[in-house]
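Novice: Give me a model of this one.
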Amino acid sequence: MPSPDRLVILDRDGVINRDSDAYVKSLAEWIPYPSAIQAIARLSRAGWTVAVATNQSGIARGYYDEATLAEMHEELDRLVKEAGGDIDHIAWCPHGPGDECDCRKPLPGLLEQIRVELGMQTLAGSWMVGDSLRDLQAGEPMGCRPVLVRTGKGERTLASHPELAAEGSDTHVFDDLAGFVDWLLEQEEHS
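Specialist: Predicted coordinates for the structure are as follows:
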């Protein structure tokens, strides 16, 4: 069973791949950040457990279907494996904002799915990496440590919530996923 303090949970769009206000609707539109793929592989090789928690309301909106989403996630898995790493679980919410599900971030349902899937007692002490406030809010009730990246909607999130980067904030802010992974692995070396 993985240890929560060795678990990193990632949002997908804007953290692992380019985001789009028009939604990422096909494998052709799913464009990963090469540095993010390498960062995931480095984490995995260093013994960390990596999971993904992603809202995919484009399914509820009829922009793409679950088979298309599966293609994107198979490509993500393939690229990470090719780089020498693994993603342990991908949890996704297909619902729209009005569907009253328990999995759409900022609700913690996707993180609860990850906890159950990985056979963990708790997620307290794990890392939740996102580019929006709702990613961080989903991790809060689960006891996750918040990380905001500036990629995707990250700069917009910081502009509307400057307190996230303020001194004394619990949120760690990095330029991108690779920057966070560099820092995390360096912390580990010095502990």
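Novice: And the pLDDT for residue 83?
Specialist: Predicted confidence (pLDDT) at residue 83: the value is 98.
Novice: That one: what's it in contact with?
Specialist: When contacts are counted by C-beta atoms under 8 Å, 6 or more residues apart in numbering, residue 83 is found next to 37-38, 40-41. Bear in mind the C-beta positions are built from the backbone N, C-alpha and C, glycine included.
Novice: which stretches of the chain form helices?
Specialist: In the chain, helices defined by DSSP state H lie at 34-45, 66-82, 109-117, 133-139, 154-160, 177-189, listed in chain order.
Novice: Show me which residues of the last one are buried.
Specialist: It refers to helix 177-189. Within helix 177-189, the residues that qualify as buried by neighbour count (16 or more other C-beta atoms under 10 Å) are 177-181, 184.
Novice: any idea which of these is closest to residue 137?
Specialist: Distance to residue 137 across those (C-beta to C-beta) is lowest for residue 180, with 18.3 Å.
Novice: wait, isn't that closest one in contact with residue 146?
Specialist: No - contact criterion C-beta atoms under 8 Å: residue 180 and residue 146 do not qualify, at 11.2 Å.
Novice: Name the residues contacting each of those two.
Specialist: Among the neighbours of residue 180, those also in contact with residue 146 (C-beta under 8 Å, 6+ apart) are residue 172.
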